[in-house]
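Asks: structure for the following, please:
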Amino acid sequence: MTGRLHRLCACLGVLLGLAGCAPTQSVDYSAYKQAQPRSILVLPPLNESPDVKATYSMLAQVTFPLAEAGYYVVPVGLMAETFRQNGLSNAGDIHQVSPAKLREIYGADTALYVTVSQYGTQYMVLSSANIVTASAKLVDLRNGTTLWTGSATASSEEGKSSNSGGLIGMLITAAVNQIINSSVEDASYPIAGITSARLFSAGRPAGLLYGPRSPRYGTD
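Replies: Predicted coordinates:
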């Protein structure tokens, strides 16, 4: 039953991702275009939320949109094992490693520093929602320059009608949502996938530029 609920949430998440978009921001791409990065090292996200699953739930979903955008992404497993062998397992400590050292170890052009500020279920009187909010910056490991910054959020309540059959209907909906959230191992996981897609997909307003492996490279 849990597996079916998880797959259902994932499917709903994809639909929500197609329907939503991040707010438009003004971004200066001059340094980004000059750097012409080809590869990205994704560091374990910093977790500022109370949910301990946030770091690795977000990390597990970053590679796909980056690869789709046209970049080579250092395998997450290789990244984690290399840090572990060097005595580093905490995201905060890893984020303190100098760009030059990361470049020396992994050979990547850039590193992606991600922070998850909100992750998990928020319960209100008449509703509950799984919300994931994250921000990120792309840093050139050759000189430490920040090439891009962005942020995105997603919620399981997006696209739902505010009128659910009056007060009784709203109470029933809230109860059902809380049962689902407590039954699924991590109901916020598919929502993190939406946030990741919004934040790291190329071609979106204020988003990443297309990488050299994309057929649309150089068109943005």
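
Asks: okay, CA-based contacts and neighbour counts for the rest of this
Replies: Fine.

Asks: spatially central residue for the chain, please.
Replies: The chain has Ser196 as the residue nearest its centroid, 2.8 Å off, counting by Cα atoms, centre = their mean.

Asks: pretty sure it sits in a helix.
Replies: Yes. The assignment for Ser196 by DSSP: H, G, I helix; E, B strand; the rest coil puts it in a helix.

Asks: how much space is there between the residue lying closest to it once chain neighbours are set aside and Ala69?
Replies: Nearest in space to Ser196, with sequence neighbours left out and distances taken as Cα to Cα, 6 or more residues apart in numbering, is Val62 at 5.9 Å. From Val62 across to Ala69, the span is 11 Å (Cα to Cα, to the nearest Å).

Asks: helices and strands of the chain: which one has the lowest mean pLDDT?
Replies: Ranked by mean pLDDT, DSSP states H and E, the helix or strand of the chain with the weakest confidence is helix 2-19, at a mean of 44.

Asks: which is the next helix or strand following it?
Replies: For helix 2-19, the succeeding helix or strand toward the C-terminus, using DSSP states H and E, is helix 30-35.

Asks: contacts for that following helix, please.
Replies: 140, 147-148 (Cα atoms under 8 Å, 6 or more residues apart in numbering).

Asks: want to throw those into CSV with neighbour count?
Replies: Formatted as CSV, the contacts of helix 30-35 follow (neighbours: other Cα atoms under 10 Å):
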residue, neighbour count
Asp140, 25
Leu147, 22
Trp148, 21
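
Asks: closest to Asn47 among those?
Replies: Trp148 (20.2 Å; Cα to Cα).

Asks: what sits against the closest one?
Replies: Trp148 neighbours (Cα under 8 Å, 6+ apart): 27-29, 32, 137-139, 208.

Asks: the residues you listed, buried ones only, as a ChimeraX selection?
Replies: The ChimeraX selection below is limited to those of these classed as buried (16 or more other Cα atoms under 10 Å):
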select :32,137,138,139,208
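
Asks: show me where the protein has its strands.
Replies: Using DSSP state E, the strands of the chain run over 39-42, 46-47, 72-73, 110-123, 128-140, 146-155.

Asks: present those as JSON lines; the columns should include mean pLDDT and distance to Ala80.
Replies: Compiled in JSON lines, those are given as follows (pLDDT from 0 to 100; distance: least, Cα to Cα, whole Å):
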{"stretch": "strand 39-42", "mean pLDDT": "98", "distance to Ala80": "10"}
{"stretch": "strand 46-47", "mean pLDDT": "96", "distance to Ala80": "14"}
{"stretch": "strand 72-73", "mean pLDDT": "97", "distance to Ala80": "13"}
{"stretch": "strand 110-123", "mean pLDDT": "90", "distance to Ala80": "14"}
{"stretch": "strand 128-140", "mean pLDDT": "92", "distance to Ala80": "19"}
{"stretch": "strand 146-155", "mean pLDDT": "94", "distance to Ala80": "23"}
